[in-house]
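Q: Got a predicted structure here, sequence first:
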Amino acid sequence: MTQVCDVVDVDVSAPQAESSPMSRLGEEIRDANLTYLMLAQQMLRVDRSEALYRLGITSEVADILSSLTTAQLLKIAGSSMLLARFRFDDSLVWNLLSSPKRDDVSPRIHAAILMAGRTAAMAAS
């Protein structure tokens, strides 16, 4: 009596875990943080006063950002917290910025004036 045994090739390695939505969000937060930090440093090198206004940061924060090394940027970007945040929290500025009239720049200018006033108030405090 002869028995034949077929050899079956079976992959016994651990199944690849698909990345969860939270881990994907964490990766996107790290990417956004790194992009934001690199952009901030570049803006500060090109025109410091314009960068302070556009980023909505103080001179002290600008000094810190400017002095960060690449290793420090990567470490900070790896945080699970989003570093950039919305600078305005009232409906007036949001409505001015999202005005449906594309060729009317006055709402955007008004929003810029409001934001400049807030930046100046922040710098004074």
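A: Thanks, I have it. Residues are numbered from 1 along each chain as shown.
Q: Find the helix or strand that residue 37 is a member of.
A: Counting by DSSP states H and E, the element that carries residue 37 is helix 21-46.
Q: who does that helix touch, helix- and strand-wise?
A: Secondary-structure packing of helix 21-46 (3 or more Cβ pairs under 8 Å, 6 or more residues apart in numbering; DSSP states H and E): helix 48-55, helix 59-67, helix 70-77. For every residue, glycine as well, the C-beta is placed using N, CA and C.
Q: Buried residues in stretch 70-89, which are they?
A: The neighbour-count check on stretch 70-89 (16 or more other Cβ atoms under 10 Å) flags 73, 76, 77 as buried.
Q: scratch that, stretch 25-35 is what I was asking about
A: Within stretch 25-35, the residues that qualify as buried are 29, 30, 33, 34, counting by 16+ other Cβ under 10 Å.
Q: Residue 71 versus the nearest residue to the third one once chain neighbours are set aside, what's the distance?
A: Nearest-residue entry for residue 33: residue 77, 3.9 Å, with adjacent residues in sequence omitted and distances by Cβ to Cβ, 6 or more residues apart in numbering. From residue 77 over to residue 71 the distance is 11 Å, taken as Cβ to Cβ, to the nearest Å.
Q: do residue 93 as well
A: Using Cβ to Cβ, we find residue 93 at a distance of 37 Å from residue 71.
Q: do residue 45 as well
A: Using Cβ to Cβ, we find residue 45 at a distance of 19 Å from residue 71.
Q: Flag the helix or strand of the protein with the lowest per-element mean pLDDT.
A: In the chain, no helix or strand scores lower on mean pLDDT, DSSP states H and E than helix 106-124, which sits at a mean of 62.
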